[in-house]
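*Asks:* sequence-free structure coming up:
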């Protein structure tokens, strides 16, 4: 599978990573190379095979639907680059 | 006085209990070794001497009062992928900046509750993505090993493997008794193999993932890198636990792994998978494999040729599953809640600037591939297909377990390479994990044990893979290899 420069820019936008024109060109070759390499999976017949979602057959555990944690707003916001009274501060989103 | 840093973990424990030296003396010996070596090796990204000495003083008090815990006073290195309460944790990525967790990982907490001493945080590939520890934002780790070229030691800087390259380098250079590590596609076993150390990735679910910076959640597991099979068994027994905070952690008692060390392998059925004889494998890795077969046979095991037909598809399937899961996991780094922030004109540009500045090249490459394979219209063709291939890889092993108890393979196709030798070609680097990645894809436990030296005088390892939750068999068979091959201590401390 070859990806073109426009596709690289589209996925970079989806991934929210800014890339330069030069970087897009380099990534086009790198990503195409890796996608070509994984294409060998096309040789495998997966008809009727279930996807693996769990490596050991355990049932997801259930717990009572009660509050087990909280009241730690100081801890939650302690590492924020910018915060104000337990709120994260971001550029204006809604005009 | 003997060099305390050269002790095994088991011997150091005996020495502390016999009061031959104190935990503070032992800790100081390692802190001095780190200070001398770290400018050359870059194994620690954050030594924590004050923290270590405070823990060691508490250990000495407990040793004196007869209330020693299982790992009392034993100094360890801790991979910087584990969150440490009040101590900077970066995953060796710029994007985490000065992130200082307000909580401790479960594996870390288990170790400190058992009395272990933390010497500092160890270098690793950024977000554990790499096989040579060259992608860390703190710069590469240098292996303490040097290779022989034309009859003398070459000065080329060798890689210690990755992603747990700080762990493998620190253990083999005697900068700690043992270290924590994590393994998503081989990140414990490959660095252990090429530094002459023992590394075990337990069964998926054996160790809690809570508080470990996530890379690929269906593959990540924690485990130790140690000097001997016995040391690895002692440590894994303390790291493993059932943890309600990790829904994939398994609610099963942790066996006494050290009891398995030294047990006979008489009658153990060892499988030799023909698919691991790959193109590009060095002749010496092949010869070492043959020697491993002879050692196990001589100890009473029986050898059986087996087939794991989907082996060759494990690595390409891994390079869909791992990037897909990493692109989801790393979506949390947005410059808002923690870590680095690079302002932009609006929120989206803030995200884009932050992530462009914060992620290194390899991480960016994987996030983009993951984003692509999960994007609209491609999910079935890539991620779903790769998950189906995983089922086939697991079925291969399920079939093998009908006739054998354990599988023996080389850990890596070749010994340590020099910095820069493979960093230009992502696929060449990915091939480092060709023998280790199957265990992650199938969720199985795997151990790497040092087995010999290459013609360049650098270590090579053998890998054993066992059934789910049968780590005890790995320790039992691993000890047979260690007994036969001997240990491979570093020949010279060239930085001293």
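*Replies:* Sure thing, it's come through. Predicted model, so just to flag it, every value in this text is computed and none were measured.
*Asks:* going forward, measure contacts and count neighbours with C-alpha atoms only.
*Replies:* Will do.
*Asks:* what's the pLDDT at residue 88?
*Replies:* Picked chain A for this. Per-residue pLDDT puts residue A:88 at 96.
*Asks:* could you do chain B instead?
*Replies:* 98.
*Asks:* ok, for it, nearest residue in space, not its chain neighbours?
*Replies:* residue B:100 (4.4 Å; C-alpha to C-alpha, 6 or more residues apart in numbering or on different chains).
*Asks:* now do the residue nearest in space to the middle of chain A against residue B:134, distance only.
*Replies:* Nearest to the mean C-alpha position of chain A, by C-alpha atoms, centre = their mean, lies residue A:15 at 7.2 Å. From residue A:15 over to residue B:134 the distance is 24 Å, taken as C-alpha to C-alpha, to the nearest Å.
*Asks:* report whether the helix or strand bottoming out on mean pLDDT in chain B contacts chain A.
*Replies:* Across the helices and strands of chain B, mean pLDDT, DSSP states H and E gives its lowest value to helix B:426-430, namely a mean of 85. Yes: using C-alpha under 8 Å from any C-alpha of the partner chain, helix B:426-430 comes into contact with chain A via B:426, B:427.
*Asks:* name the residues that touch that helix?
*Replies:* By C-alpha atoms under 8 Å, 6 or more residues apart in numbering or on different chains, the residues outside helix B:426-430 that reach it are A:30, A:34, B:130, B:131, B:315, B:422, B:423.
*Asks:* run a quick neighbour tally on residue B:70.
*Replies:* By other C-alpha atoms under 10 Å in any protein chain shown, the residues close to residue B:70 number 17.
*Asks:* any figure for the gap between it and chain A?
*Replies:* From residue B:70 across to chain A, the span is 29 Å (C-alpha to the nearest C-alpha, to the nearest Å).
*Asks:* that residue: what secondary structure?
*Replies:* At residue B:70 the chain is in coil, as set by DSSP: H, G, I helix; E, B strand; the rest coil.
*Asks:* hmm, it is touching residue B:113, no?
*Replies:* No: counting by C-alpha atoms under 8 Å, residue B:113 is not a contact partner of residue B:70; they are 9.1 Å apart.
*Asks:* who touches the residue nearest to residue B:120 when sequence neighbours are not counted in this structure?
*Replies:* Among residues not flanking residue B:120 along the chain, residue B:47 sits closest, at 4.0 Å (C-alpha to C-alpha, 6+ apart). Each residue near residue B:47 by C-alpha under 8 Å, 6+ apart is listed here: B:34, B:119, B:120, B:121.
*Asks:* so which of the residues you listed belong to strands?
*Replies:* B:119, B:120, B:121 (DSSP state E).
*Asks:* number of nearby residues for the first one?
*Replies:* What it means is residue B:119. Counted by other C-alpha under 10 Å, the residues lying close to residue B:119 total 29.
*Asks:* repeat that for residue B:276.
*Replies:* Neighbours of residue B:276 (other C-alpha under 10 Å): 20.
*Asks:* for residue B:28, same thing?
*Replies:* 20.
*Asks:* look at it and give its secondary structure.
*Replies:* Of the three states, residue B:28 takes helix under three-state DSSP.
*Asks:* any idea how far it is from residue B:139?
*Replies:* 26 Å.
*Asks:* what of residue B:279?
*Replies:* 32 Å.
*Asks:* if you count what's nearby, which of these two comes out ahead?
*Replies:* More neighbours surround residue B:139 than the other of residue B:279 and residue B:139, with 17 against 7 (other C-alpha under 10 Å).
*Asks:* get me the contact residues on the stretch 201-350 of chain B for chain A.
*Replies:* B:204, B:218, B:247-248, B:250, B:313, B:316-317, B:319-320, B:327, B:331, B:335-341, B:345-348.
*Asks:* count of neighbours near residue 65?
*Replies:* Using chain A here. Neighbour number of residue A:65 under other C-alpha under 10 Å is 6.
*Asks:* wrong one, chain B
*Replies:* Here the number of neighbours of residue B:65 (other C-alpha under 10 Å) works out to 9.
*Asks:* for residue B:14, same thing?
*Replies:* Neighbours around residue B:14, by other C-alpha under 10 Å: 12.
*Asks:* okay, it: pLDDT?
*Replies:* Residue B:14 is assigned 98 on the pLDDT scale.
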